[in-house]
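Peer 1: Quick one, what's the 3D model for this:
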Amino acid sequence: MSEILQGAFEGNVLGTRWSRWDDEEQGKHVPILTLECDVGAGDNAKKLFPSLFFDTELATQGADAGKSRLQISLEVLKSYGADVDPENPSNNNPAEFGPAMIGKRVSLYCDAKDGKQRCYLNRGRKPELKEEEVAALWAEMTGGDQNPKPAAPAKRKNVSKKPESDEDLVF
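Peer 2: From the prediction side, this is the model:
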C-alpha cells in the first residue's frame with residue numbers, strides 16, 4: 001500500500017482531464033476538472049489528483065459558505081492566473097481551464113478518508129513581498145520616506161498598583 005500524504009504540499013500541474021459525475025437522484029450532471037499533480041522528488045515523488053467541481057451546489061461551511069462550487073472553482077482557477085470570470089460563469093470557456101493550469105505550481109491539502117488519499121486544490125497564494133516593495137508601498141500610502149527610521153526601543157512602564165484599602169492586601 002502506498003503512503004497516504006497528510007497536510008499541505010506544493011505540486012506541479014502536469015496535465016488535466018475532464019470527467020462527469022451523474023447525480024441520478026437529482027438528475028444533475030456535474031463537470032469535473034481533475035488535475036494531475038506531481039509532488040515531491042526522487043523516491044518521494046507522488047502523483048495527486050485534486051478535482052474542481054462545477055455545479056450549483058452551495059458550500060455550507062468555511063469562508064466560502066453560501067457560494068456555489070462553480071463560483072468557488074472559478075475563484076480557485078483565477079487565483080492561479082487563469083483568465084476566468086467567477087462572477088459571471090457564462091462568460092467563461094471551460095476548454096481554456098485545463099491549458100491555463102498546465103505547468104502551474106499549486107497549493108494542495110491532503111488527508112485520508114476510509115483509508116484512501118484525498119487531495120484538495122487550495123487557492124493560489126500571492127507572492128511574498130520583498131522588504132523594498134513593502135517600503136515603497138508604505139511610502140506611497142503614508143506619503144513618507146521609503147527608508148523609514150528604525151523604531152525606538154519601547155520604554156518599560158512601571159506598573160505598580162497601590163491597593164485601594166487594606167482589604168485588598170494578600171497575606
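Peer 1: alpha carbons only for contacts and neighbour counts from here, please
Peer 2: Fine.
Peer 1: and the most centrally placed residue in the chain, what element?
Peer 2: Nearest to the mean C-alpha position of the chain, by C-alpha atoms, centre = their mean, lies R123 at 3.1 Å. If you go by DSSP states H and E, R123 is not part of any helix or strand.
Peer 1: Just give me how far the strand ranked longest in the chain sits from the chain centre.
Peer 2: In the chain, assigned by DSSP state E, the strand with the most residues is strand 7-23. Taking C-alpha atoms, centre = their mean, to the nearest Å, one finds the center of strand 7-23 at 15 Å from the center of the full chain.
Peer 1: Show me which residues of the helix or strand of the chain with the lowest mean pLDDT are buried.
Peer 2: Every helix and strand in the chain was compared by mean pLDDT, DSSP states H and E; the lowest is helix 131-142, with a mean of 88. The neighbour-count check on helix 131-142 (16 or more other C-alpha atoms under 10 Å) flags 135-136, 138 as buried.
Peer 1: go on, stretch 54-65?
Peer 2: Applying 16+ other C-alpha under 10 Å to stretch 54-65 flags 54-55 as buried.
Peer 1: check contacts around the nearest residue to D23 once chain neighbours are set aside.
Peer 2: If the residues on either side of it in the chain are set aside, D23 comes closest to H29, at 6.2 Å by C-alpha to C-alpha, 6 or more residues apart in numbering. If you count contacts by C-alpha atoms under 8 Å, 6 or more residues apart in numbering, H29 has them with 20-23.
Peer 1: Would you reformat the residues you listed as a markdown table and include neighbour count?
Peer 2: Listed next are the contacts of H29 as a markdown table, based on neighbours: other C-alpha atoms under 10 Å:
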| residue | neighbour count |
| --- | --- |
| R20 | 12 |
| W21 | 11 |
| D22 | 12 |
| D23 | 10 |
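Peer 1: Good, wrapping up.
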